[in-house]
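# coordinates only, no sequence provided:
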Ligand code: GDP
């Protein structure tokens, strides 16, 4: 049985979406297994350029089934908007190619409100939340105060359940933050409005996927964000609230009994990070702005300028290991073409000691980058399709990274387009 996970090795925005878009051709079912609409995949294909926040990237191929697994959290209004936008662009979306797990938890308007209220309370020490309600909804999931998508089918049960939950949530909103309470009527109306649109897509994913796997269908898991935002192994507390690890993919999809056999880790040829938290190899000022512009590093979901810097091999090695990557795709190599000399961070210095291991989050703030410098190649490489046709220094860069992270780099992406990639055998 063939299953593959496409996962982020760094802080997210590695170009996972474009890799799923490319690889999806070989798979029958594409699954998002964690996260909500707090991040985005940008995909450029023959239909145009799209920022997908929730929908799996296989949605552009109408013969594929796309699944939002139980590990995801779903802002139903946002999802309806995303479906509508794609339909307007001529992409066909129906229950034939989209399925939503009945066990996925709904992001409610009060989660979004609570996210903003807490970020405001944190004031000058924010977590860098995208304020889409993701931390509050995952918090509620584990507090067992969440509402599952499947509850939309039972109005009486839903009303009763929501009434109990709302009592608790309003105590929090008004008592802790002095905010405005939410009414049961407004919340029911909200669920009715968007729930009605989404009901045809909601189903039980476990049996569907198990049967599909037995029929020989191939499954592709698509992560949102990278290892350094993983709730357990990332730069806590500046993480997301879920697990984008390949190891979590079967659980977040509804198939804990089906192992992942191929893990493609996506790493960018340089480092970027959206939001707060320690980011050791960060550039500032003019050189940062140059790299940001060259790479178009502005958040797909929020438009926020991303923090940028040279490739951090300490973090990338750690990310490769934590993902259990069986191969790596190195993206955006073309962006580095303007540099004469390319620094890469090969180690950290923490409290005067050199380390090649990724430190405990509490120590990261003290880490200083140790750089090595490689020669640039100084020409456009976007039209190159064979590794041996790359300038020698570009080949050396890829081979250097490969040796440092201890994993085969089987894809080198040299542009955003579907075809702009070098596949190495
Ligand atoms: P994701 O969340 O991991 O899918 O990453 P994003 O979509 O946020 O960011 C990736 C961005 O880089 C998108 O705008 C892609 O179109 C673009 N991109 C992906 N691969 C390449 C590449 O090899 N070269 C260039 N120049 N852009 C790329």
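That came through fine. Nothing here was measured: the structure is a model prediction, and the numbers come from that model.

# mind checking which helix or strand of the protein has the lowest mean pLDDT?
Ranked by mean pLDDT, DSSP states H and E, the helix or strand of the chain with the weakest confidence is strand 41-45, at a mean of 78.

# now the helix or strand residue 189 falls within: mean pLDDT?
Element membership of residue 189, judged by DSSP states H and E, is helix 184-198. Helix 184-198 carries an average pLDDT of 97.

# thinking again about what came up before, check whether the least confident helix or strand of the chain comes near the ligand.
Yes. Contact of strand 41-45 with the ligand (C-beta under 6 Å from any ligand atom) involves 41, 42, 44. For glycine as for every other residue, the C-beta is placed from the backbone atoms N, C-alpha and C.

# how about the residue of the chain most remote from its centre, phi and psi?
Residue farthest from the centre of the chain, counting by C-alpha atoms, centre = their mean, is residue 156 at 35.3 Å. When read as degrees, to the nearest 10, the backbone of residue 156 gives phi -70, psi -50.

# could you measure from it over to residue 106?
17 Å (C-beta to C-beta, to the nearest Å).

# can you check residue 299 too?
Separation of residue 299 from residue 106 (C-beta to C-beta): 24 Å.

# who has more neighbours, these two?
A direct count of neighbours by other C-beta atoms under 10 Å for residue 299 and residue 106 places residue 106 higher, at 25 against 19.

# for the more buried one, name its beta-bridge partners.
Here residue 106 sits in beta bridges with residue 74, as judged by DSSP bridges.

# so what's it up against?
Contact analysis of residue 106 by C-beta atoms under 8 Å, 6 or more residues apart in numbering lists 73, 74, 75, 76, 137, 146, 147, 148, 149, 191.

# nearest to residue 327 among those?
residue 73 (29.5 Å; C-beta to C-beta).

# how many neighbours does that closest one have?
Look at residue 73: counted by other C-beta under 10 Å, it has 27 neighbours.

# how about the nearest residue to it, chain neighbours excluded?
Excluding the flanking residues, the one nearest residue 73 by C-beta to C-beta, 6 or more residues apart in numbering is residue 36, at 4.2 Å.

# so that neighbour touches residue 107, yeah?
Yes. In this structure, residue 36 is within contact of residue 107 by C-beta atoms under 8 Å, at 5.7 Å.

# so what sits against both of these two?
Counting by C-beta under 8 Å, 6+ apart, the shared contacts of residue 36 and residue 107 are 73, 74, 75, 132, 133, 134, 137.

# any figure for the gap between the third one and residue 35?
In this case it means residue 75. Per C-beta to C-beta, residue 75 is found 11 Å from residue 35.

# what segments of the stretch 251-400 of the chain are helices?
Assigned by DSSP state H, counting those that start in this stretch, the stretch 251-400 of the chain shows helices spanning 285-295, 313-323, 361-364, 392-405.

# distance from the second one to the middle of the chain?
Spelled out, that is helix 313-323. The chain centre lies 16 Å from the centre of helix 313-323; the measure is C-alpha atoms, centre = their mean, to the nearest Å.

# please consider this matter closed, and thank you.
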